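Visitor: Give me a 3D structure for the following:
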Amino acid sequence: MNVLCQVCLASVVAVSALPAPAESLRCNNDSVAEGDSRLSVLYKCGPPLLADSYCAPVYYDRSLLPVPEPFARAIVPCLLVEEWLYERGPGNLVATVRIRSGVVQSITYGRSPR
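Guide: Okay, the predicted model is just below:
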């Protein structure tokens, strides 16, 4: 009985350690996924309905503290992050594609942009 419990526990731990499936965006009979280039998204889906970009803070190596402001502008450049909003038609949620360093970082769905 003890061995059976250990096998079950090991199975649960192994399954929970698997990476979560990545989101993808389907448009024009093609699919865009995380890791695709910015150019690939434009080619497959066309221009977004709305686009926004911002400068994400850069963090210290191996910590969660951002680089202090006096050094952030002078020494460490920020990371440009773009968010593109795609309206997918009636009955579908809008899709927000987040692009960092020219590569799709994430795709999220929602009723309205955050």
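
Visitor: CA atoms for contacts and neighbours, from now on please.
Guide: Fine.

Visitor: Hmm, Trp84 is touching Val104, no?
Guide: No. Judged on C-alpha atoms under 8 Å, Trp84 makes no contact with Val104 at a distance of 10.3 Å.

Visitor: So if I had to pick from those two, which one is more boxed in?
Guide: Val104 (22 against 19; other C-alpha atoms under 10 Å).

Visitor: Report the contact partners of the more buried one.
Guide: 33-38, 97-98 (C-alpha atoms under 8 Å, 6 or more residues apart in numbering).

Visitor: Point out where the chain drops to low pLDDT.
Guide: Scanning the chain for pLDDT under 70 picks out 1-22, 58-77, 112-114.

Visitor: The same query, at a cut-off of 50, please.
Guide: Counting by pLDDT under 50, the chain has low-confidence residues at 7-8, 10, 12-20.

Visitor: Quickly find the element holding Arg98.
Guide: Applying DSSP states H and E as the criterion places Arg98 in strand 94-100.

Visitor: Pairing partners for that strand, with directions?
Guide: Its sheet considered, strand 94-100 pairs with strand 79-86 (antiparallel), strand 103-110 (antiparallel) by DSSP bridges.

Visitor: Next, the buried residues of stretch 93-110.
Guide: Residues 94-100, 103-109 are the ones in stretch 93-110 that count as buried (16 or more other C-alpha atoms under 10 Å).

Visitor: Just give me the closest of those to Arg26.
Guide: Ala95 (9.9 Å; C-alpha to C-alpha).

Visitor: mind checking how far the closest residue to that closest one other than its chain neighbours is from Val97?
Guide: The shortest distance from Ala95 to any non-neighbouring residue, by C-alpha to C-alpha, 6 or more residues apart in numbering, is to Tyr109 (4.6 Å). Distance from Tyr109 to Val97, counting by C-alpha to C-alpha, to the nearest Å: 9 Å.

Visitor: Now for Glu87: which residues touch it?
Guide: Counting by C-alpha under 8 Å, 6+ apart, Glu87 makes contact with 49, 93-95.
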